[in-house]
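Chemist: Give me a 3D structure for the following:
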Amino acid sequence: PKLPANPGPLNGRAMKVPNGHSHFFSYFAKVVPIRYETLAGTITESAEFSVTAHDRPVHGGRDADHPNTVHFRGGMAGMTINFEMSPLKVIQREQYASTWTAFVLNAITSIGGVLAVGTVLDRVTYHTQRTLMGKKTL
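Modeler: Here you go, the predicted model:
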């Protein structure tokens, strides 16, 4: 099945070395597993990822983009890619839209739940107050 359109975060991206070849690039990629479930019952396992890129000159000095940042001197020109695999899985499931009656029923049950919890709290507070007031008069 065709997956939803999701362009990759690195598509069409080029990193240019500003001064010569003495530059160091770091990429941090976070990979999240995802499962698509359609109404027809088709299940597709895939993964989505996001990328953060950092670069610095090997010779050190001030960062052109961030004037308050000073890079240390040293290291080798190169590139590192750090992958972080997410332990959580995103499940995207197609489902039919709920009807108006289902919405009303869910709203009524939610209100009933709030009233039930409020009643329990009121009774506990009332009995605690009566017990404490009874002990003070003795």
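Chemist: Quick one: low-confidence residue ranges for the protein.
Modeler: For the chain, the stretches with pLDDT under 70 are 1-7, 9, 18-20, 61-67, 71-74, 136-138.
Chemist: what domains does the record give for the chain?
Modeler: Here the domain parsing of the chain from automatic domain parsing is 23-93, 97-138.
Chemist: what helix or strand does Ile108 sit in?
Modeler: Using DSSP states H and E, Ile108 sits in helix 100-137.
Chemist: Leaving out chain neighbours, which residue sits closest to Gly78?
Modeler: Closest residue to Gly78 apart from its sequence neighbours, by Cβ to Cβ, 6 or more residues apart in numbering: Phe24 at 5.9 Å. Just so you know, the C-beta spots here come from the backbone N, C-alpha and C atoms, and that holds for glycine as well.
Chemist: What is the burial count for that neighbour?
Modeler: 17 (other Cβ atoms under 10 Å).
Chemist: Repeat that for Pro57.
Modeler: Using other Cβ under 10 Å, Pro57 has 20 neighbouring residues.
Chemist: ok, it touching Phe25?
Modeler: No - with contacts defined as Cβ atoms under 8 Å, Pro57 does not count as touching Phe25, sitting 10.9 Å away.
Chemist: A helix includes Thr44, no?
Modeler: No - applying DSSP: H, G, I helix; E, B strand; the rest coil, one finds Thr44 to be strand, outside a helix.
Chemist: what's near enough to touch the residue nearest to Gly78?
Modeler: If a contact means Cβ atoms under 8 Å, 6 or more residues apart in numbering, then Phe24 has Asp55, Arg56, Pro57, Val58, Gly75, Met76, Ala77, Gly78, Met79 as its contacts.
Chemist: quick one: it is in a strand?
Modeler: Yes - Phe24: assigned to a strand according to three-state DSSP.
Chemist: and it, what are its bridge partners?
Modeler: Arg56, Gly78 (DSSP bridges).
Chemist: where's it relative to Leu121, distance?
Modeler: 59 Å (Cβ to Cβ, to the nearest Å).
Chemist: Select only the buried ones of the contacts of Phe24 in ChimeraX?
Modeler: Restricted to buried positions by 16 or more other Cβ atoms under 10 Å, the ChimeraX selection for those reads:
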select :55,56,57,58
